[in-house]
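Asks: please find the sequence and the predicted model below.
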Amino acid sequence: MNRIAVTFAALLCLAGCTSRTLTSTPRSAIEQLLLSGAVDRSLEKLRLPEAIGKKVFLDFANLKAYDVEYIRAATRARFAKIGALLVEKPEDADLIAEVASGGLGLEYKSAMVGLPAMPVPNAPVPSPEVSAWKSVEQTGIFKLFIFIHAKGRFIAANHYYAKCDRDEGFTLWWRSQREDDIREGWEKADLKLGEKRQ
């Protein structure tokens, strides 16, 4: 009997939980920021000297992905930044740039030392998770493909890969953050806002 009491007391000492408030939106803000972060990093790699000073029509007809509106706007901004002159009609362009997604999604990994949540007979909810250590990794991954041609003539075709990470660790009640590319962006934004206010 004493052994059972000691085991129960030890489990109580190890018990604890961490939770994040769920939002009412269909997709979490973390998911969307990781995906858009991967898009941004992919486009940062885009170097197209062939497009500098040229009239370019961006063709998004084959672009199918999550957050397609963001990809379109970010791609247009990147082409303009590298010196391309964007036009609205293909007949007015020197170059046609076809834009497609080879993959945009979230990779999720977790590992735990402890007891996972388990179904309880005749209970509406499972037993709570009891973990001594837990690791959660989320990665937004994007593969961008851009094909440039002029009147049927091949100019360039390139793939641009990028990812955006967020890793968390939990040891009993303590949370640690190993990597957070989203927070890096928040901190830069806060710094710029602070500089403007001064």
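Replies: Great, that's in hand. Numbering: from 1, shown residues only.
Asks: tell me the buried residues in the helix or strand Lys143 falls within?
Replies: According to DSSP states H and E, Lys143 maps onto strand 130-150. By neighbour count with 16 or more other C-beta atoms under 10 Å, strand 130-150 contains the buried residues 130-131, 134-135, 137-148. For every residue, glycine as well, the C-beta is placed using N, CA and C.
Asks: equivalent analysis for stretch 61-76, please.
Replies: Buried-residue list, stretch 61-76, by 16+ other C-beta under 10 Å: Leu63, Ala65, Tyr66, Asp67, Ile71, Ala74, Thr75, Arg76.
Asks: all helices for this protein, in order.
Replies: Per DSSP state H, the chain carries helices over the ranges 2-14, 29-44, 68-81, 181-197.
Asks: hang on, the earlier thing: just the buried residues of stretch 61-76 now: which is nearest Asp180?
Replies: Asp67 (20.1 Å; C-beta to C-beta).
Asks: the closest residue in space to that closest one that isn't next to it in sequence: neighbour count?
Replies: Nearest non-adjacent residue to Asp67, counting by C-beta to C-beta, 6 or more residues apart in numbering: Leu35, 5.9 Å away. The tally of other residues near Leu35 (other C-beta atoms under 10 Å) stands at 23.
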